[in-house]
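Trainee: pasting the structure only:
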Ligand SMILES: [Cu+2]
């Protein structure tokens, strides 16, 4: 195996590891590559995402131009009532943790932006995979960890991140080993 092939494989491994970390950490960059901007269609972006407990929202935008305001309820969301805000952020790279299941409402705090469509409603669901039955009928006695959903989710995320790091380190070692011949 030539050094070029080794390098290609190494890059692929690192990419795979990074993708695995990204997926397992559950980071949602709001609006995708467009970010938190007036022109972004947040309804269609959000409908293509699955928000799970333990995931994070990342709002990326020009600080000073926009902000992130969390609204209290559906009514405030519909009417763009920024006055009832639960929380407000303005760094331009704001992280919001989804700590429990339910619906949350976000809008831009800049005058007029919410009315122009710069608002978003997301629903967080519990657990990891939709195939896992929520009913305790199958193995209620054998899994005491299933009661604390958020804890098990975050430890699973940590485990997957470690696995991803392991893959990268292993590929580095393999490359070193191969380059000796
Ligand atoms: Cu704005």
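Mentor: Done, it's in. Bear in mind that the values here come from a model prediction, so they are computed numbers and not experimental data.

Trainee: can you give me the mean pLDDT across stretch 71-84?
Mentor: For stretch 71-84, mean pLDDT rounds to 94.

Trainee: okay, how far is it across it, tip to tip?
Mentor: With C-alpha to C-alpha, to the nearest Å as the measure, stretch 71-84 spans 6 Å from end to end.

Trainee: again, but for stretch 26-37
Mentor: 21 Å.

Trainee: Would you mark the buried spots in that stretch?
Mentor: Of all the residues in stretch 26-37, those buried under the rule 16 or more other C-beta atoms under 10 Å are 26, 28-31, 35-37. (Each C-beta comes from the backbone N, C-alpha and C, glycine too.)

Trainee: so which of the residues you listed comes closest to residue 105?
Mentor: Residue 105 lies nearest to residue 30 out of the buried residues of stretch 26-37, by C-beta to C-beta, at 12.9 Å.

Trainee: I'd like to know how far the closest one sits from residue 119.
Mentor: In this view, residue 30 and residue 119 are 11 Å apart by C-beta to C-beta, to the nearest Å.

Trainee: for the ion, what are the nearby residues on the chain?
Mentor: 66, 108, 110, 113, 118 (C-beta under 5 Å from the ion).

Trainee: Try it again at 8 Å.
Mentor: 36-38, 61, 65-67, 108-110, 113-114, 116, 118 (C-beta under 8 Å from the ion).

Trainee: Just the buried ones among these, please.
Mentor: 36-38, 61, 66-67, 108-110, 113-114, 118.

Trainee: Could you save the residues you listed as TSV and add columns showing secondary structure and pLDDT?
Mentor: TSV is the format used below for these (DSSP: H, G, I helix; E, B strand; the rest coil; pLDDT from 0 to 100):
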residue	secondary structure	pLDDT
36	coil	98
37	coil	96
38	coil	94
61	coil	98
66	strand	98
67	coil	97
108	coil	97
109	coil	96
110	coil	96
113	coil	97
114	coil	97
118	coil	97
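
Trainee: Redo the residues of the chain next to the ion as a markdown table? Include distance to residue 78.
Mentor: Shown next, in a markdown table, are these (distance: C-beta to C-beta, whole Å):
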| residue | distance to residue 78 |
| --- | --- |
| 36 | 20 |
| 37 | 21 |
| 38 | 18 |
| 61 | 23 |
| 65 | 24 |
| 66 | 20 |
| 67 | 20 |
| 108 | 15 |
| 109 | 17 |
| 110 | 19 |
| 113 | 16 |
| 114 | 10 |
| 116 | 15 |
| 118 | 14 |
